[in-house]
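> Build me a model from this:
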Amino acid sequence: MTLSVPDNRTNQRSPLTPHIPPSSLDLNDNEDLPTELSDSSETHDEGEVQPFHEDLNGRQYLNSVYRLGVDKMYDLLFSESDFMRDFLERRRFSDVVHRPWRKDPDGNQTRELMYSIALNNPLAPKAATVTETQTLYKASQENECYVIDAEVNAHDVPYHDYFYTVNRYVLTRVAKNKCRLRVSTELRYRKQPWGLVKTFIERSFWSGLDEYFRHLGHLILLVFLNLMLFYKLWMLEYTTSSLTASHGLRPQER
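Sure thing, here's the model as predicted:
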């Protein structure tokens, strides 16, 4: 399976920002390409944009700086990109439906995703349907900061009426072509379960999310590796062509 950057011909971005043209991913734009994979440091660069919302109180799964513009990271994760299609397929998600972004009464942008996931739990069915409601906060600004909450409701799983989960994605600009991605998660209860049920829910919940976000982080790095490889190959071809032209060299005719 090929990993790729977003295919802008089919992406549906939030109405918050205009569509980024394909030229923004042109390999000729040397500054846009990663020279490092990522930096998991907690320290903040001078001039880094500070988010308008803090992390959730549960667990933090990602906190890394990537050499990719914040708008491009947003497109990678929150449009119908090739990257997200590949990721969901690898996670054995099926029947994925994206509803369009709409403005809610508070001025935020929201959309629904619906999909089915395969389950390995012997106490659960082979598959479960999921409804994920994503909220892009109105304070988000292009080229500055995006905060998205994803409320995930799993149906057809044991005790599904007791709980739901919220994942918070915080994308902030560190520099022109550098951004920080933070992801935190919180398990919330609609009604309080008794001891053994709560233990079962939390054990299944946290182990599943550990694997999910570890896989997501690895695939983001693979995208950057692909970009670096393509860029180096392009530079090699460009340098060879330039040297050939400057020296008036031509291939020997046989």
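> Do a quick rundown of the strands in the stretch 1-150 of the chain.
59-66, 93-98, 102-103, 109-118, 127-136, 145-154 (DSSP state E, counting those that start in this stretch).
> Which strands or helices does the helix or strand following the last one pack on?
Going back to what we said before, that points to strand 145-154. Per DSSP states H and E, the first helix or strand lying C-terminal to strand 145-154 is strand 163-175. Other elements packing on strand 163-175 under the criterion 3 or more CB pairs under 8 Å, 6 or more residues apart in numbering; DSSP states H and E are helix 70-78, strand 145-154, strand 178-189, helix 195-246. (C-beta placed from N, C-alpha, C; glycine too.)
> cutoff 7 Å now
Packing partners of strand 163-175 (3 or more CB pairs under 7 Å, 6 or more residues apart in numbering; DSSP states H and E): helix 70-78, strand 145-154, strand 178-189.
> about what we covered before: of the strands of the stretch 1-150 of the chain, which is nearest Ala175?
Proximity to Ala175 (CB to CB) singles out strand 59-66 among these, at 9.2 Å.
> Please work out the angle formed by the directions of the closest one and helix 70-78.
For strand 59-66 against helix 70-78, the angle by axes from the mean of the first three to the mean of the last three CA atoms, to 10 degrees is 140 degrees.
> got the buried residues for strand 59-66?
Buried positions in strand 59-66, judged by neighbour count with 16 or more other CB atoms under 10 Å: Tyr61, Leu62, Asn63, Ser64, Val65, Tyr66.
> circling back to that earlier point, check the helices and strands packed on strand 163-175 for me and report the most buried one.
Neighbour counts (mean count of other CB atoms under 10 Å) averaged over each of those peak at helix 70-78, with a mean of 23.
> other SSEs contacting it?
strand 145-154, strand 163-175, strand 178-189.
> Now render the ones you listed as JSON lines, adding distance to Arg85 and mean pLDDT.
JSON lines is the format used below for the helices and strands packed on helix 70-78 (distance: least, CB to CB, whole Å; pLDDT from 0 to 100):
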{"stretch": "strand 145-154", "distance to Arg85": "17", "mean pLDDT": "95"}
{"stretch": "strand 163-175", "distance to Arg85": "18", "mean pLDDT": "94"}
{"stretch": "strand 178-189", "distance to Arg85": "19", "mean pLDDT": "93"}
